[in-house]
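Asker: Test case, fold it:
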Amino acid sequence: MAKRVVSVSLGSSRRDSVAEVEVLGEKVVLERRGTDGDFQGAICLIRELDGKVDAIGLGGIDLYLVAGGRRYVIRDAQKLKEAAKKTPVVDGSGLKHTLERRAVHELSTLFDWKKTKVLLPSAVDRFGLAEALDEVGAQVLYGDFIFALGLPIPIYRLSLLQKLAYLLLPVLTKLPFSLLYPTGEKQEARVVDWRSRYYRFADLVAGDWHYLKRHMPEDMRGKSVLTNTTTEEDVAFLRARGARYLITTTPRLSGRSFGTNVMEALLVALAGRELGEADYLRYIDLLGLKPQVLDLEKPQEERA
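Answerer: Alright, predicted model coming up:
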C-alpha cells in the first residue's frame, strides 16, 4: 500500500494537486490541500487527517523562524502542529536549511557568486540559504524589513540582520501569521509598489515564491529566480516577464515543484520518524536531490 503525505496549506486551494511517486522502492502519494487562509479550517483538516496519513506538511506558514543558531517558534504554527496527536507534522525548515544551503554551492557553475547581486526578501524564513549566499561572497540585499514590515530599510550585512532578528523575532512570532505573510487569496494578489524597485538591484531573486511574485515588477529581463513550489502557470508568468532562469530546489512532479514542507514530510514518511540534519543530508544524497534549472529563454517544446 502506498504511503500518503498531505500538505495542509493556508494558501489558495487553486494550487491543489496530487502526485504519486516511487521513492527508494516505495510508492508515495503526495497531496496538497489549501484552506484559502482559513486557520480554523486548517486545524480541522489536520485533526481529520491525524492517524490516517503517514506525515503532514504545513504549507503557507513556517513553524520556525531562524537567526544564526537561534530558532523561534511561530505561535499560530504551533497550534497547527499540536492539532495532530499521532501523525508527525513538519514545515520544511529542516530540509530548507540543508537542501537550499547545498544548492547555492552546486549552482557555482551557473553563477559567479562574487559578481552576483541577490535579493532575498525574507532571510529569517530561509536562514540556511542566507548563510550560504554570504559564505560564497554574493552581494545580498536582505529584504525582511522591506517586505515583511513595510519599512524602506535595506540590509546588506547578514551580521546586522542577525542582531536585529534577535531583538524582533521573539515579538513577531507571537503575532497572527497573516500579518507577516500573505495567506489565502492574498497569495494570488500582486502589489507592484515602491517595494518592487528593489528588484532592479538583483541579478537573482531568491526565496519563497509567493513573496517573490507578490511585488515582482513587469520587467524581469535577464534576471533569474531561485525558489520552489512553482506550477506551469508560474513558469508562464516568469517567461512573460523575460526572466532568464527558474531554479527550483525541489524536483518537478506532474508539472510542478512541490514545497519543502511536502518533500520533508515525504522523507519523514519514508523513515517512519522525525529527522535531524544528518538524516536530511543522507536522504538528499540517496535521492540525488539537486537544483533543477529551467532555461526560460528556450522554446517550450525544447524544455519538454
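Asker: If we ignore the residues flanking it in sequence, what's nearest residue 226?
Answerer: Spatial nearest neighbour of residue 226, chain neighbours left out: residue 206 (4.0 Å); criterion: CB to CB, 6 or more residues apart in numbering. (C-beta placed from N, C-alpha, C; glycine too.)
Asker: Ok, residue 13 next?
Answerer: Nearest non-adjacent residue to residue 13 (CB to CB, 6+ apart): residue 34, at 3.9 Å.
Asker: Quickly list what the one you found is bridged to.
Answerer: residue 9 (DSSP bridges).
Asker: how about it, what does it touch?
Answerer: 9, 10, 11, 12, 13, 14, 15, 16, 59, 60 (CB atoms under 8 Å, 6 or more residues apart in numbering).
Asker: burial count for the closest residue to the third one other than its chain neighbours?
Answerer: Leaving aside its sequence neighbours, residue 11 sits nearest to residue 60 (CB to CB, 6+ apart; 3.9 Å). One way to gauge burial is a neighbour count; for residue 60, by other CB atoms under 10 Å, it gives 29.
Asker: Over to residue 60: give its phi and psi.
Answerer: When quoted as degrees, to the nearest 10, the phi and psi of residue 60 stand at phi 70, psi 10.
Asker: sorry, back to before: from residue 247, how far out is the residue nearest to residue 226?
Answerer: 9 Å (CB to CB, to the nearest Å).
Asker: what about those two, which has more around it?
Answerer: residue 206 (28 against 19).
Asker: surely the residue nearest to residue 226 meets residue 129?
Answerer: Yes. Residue 206 is within contact range of residue 129, at 6.4 Å (criterion: CB atoms under 8 Å).
Asker: so where's the stretch 151-300 of the chain shaky on pLDDT?
Answerer: Low-confidence segments of the stretch 151-300 of the chain, defined by pLDDT under 70: 178-188, 252-257, 299-300.
Asker: Okay, strands next: where are they in it?
Answerer: 204-206, 224-227, 245-248, 252-253, 256-257, 292-295 (DSSP state E, counting those that start in this stretch).
Asker: To residue 1, which of those strands lies closest?
Answerer: In terms of CB to CB, the element of those nearest to residue 1 is strand 252-253, at 20.0 Å.
Asker: can you pull the contacts of the residue nearest to residue 226?
Answerer: 118, 119, 120, 126, 129, 133, 212, 225, 226, 227.
Asker: switch the cut-off to 7 Å
Answerer: Residue 206 makes contact with 118, 120, 129, 226, 227 under the criterion CB atoms under 7 Å, 6 or more residues apart in numbering.
Asker: Distance to residue 87 and neighbour count added to the residues you listed, as a markdown table?
Answerer: Compiled in a markdown table, the contacts of residue 206 are given as follows (distance: CB to CB, whole Å; neighbours: other CB atoms under 10 Å):
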| residue | distance to residue 87 | neighbour count |
| --- | --- | --- |
| 118 | 37 | 26 |
| 120 | 32 | 30 |
| 129 | 28 | 25 |
| 226 | 31 | 26 |
| 227 | 28 | 24 |
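Asker: which of these lies closest to residue 146?
Answerer: For these, the nearest to residue 146 is residue 120 (10.7 Å; CB to CB).
Asker: For that closest one, give the beta-bridge partners.
Answerer: residue 142.
Asker: residues near residue 2, how many?
Answerer: 12.
Asker: so the closest residue to it other than its chain neighbours is in which element?
Answerer: With sequence-adjacent residues excluded and distances taken as CB to CB, 6+ apart, residue 2 is closest to residue 27, at 3.9 Å. When elements are assigned from DSSP states H and E, residue 27 belongs to strand 26-34.
Asker: Mind exporting the C-alpha coordinates of that strand to CSV?
Answerer: Written as CSV, here are the backbone C-alpha positions of strand 26-34 (Å, rounded to 0.1, in the frame of the first residue of the first chain):
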residue,chain,number,x,y,z
GLU,A,26,8.2,2.7,-2.1
LYS,A,27,5.1,4.3,-3.6
VAL,A,28,4.1,7.6,-2.0
VAL,A,29,1.1,9.8,-2.8
LEU,A,30,1.8,13.5,-2.3
GLU,A,31,-1.2,15.7,-1.9
ARG,A,32,-1.5,19.5,-1.4
ARG,A,33,-4.7,20.9,0.1
GLY,A,34,-5.2,24.6,0.5
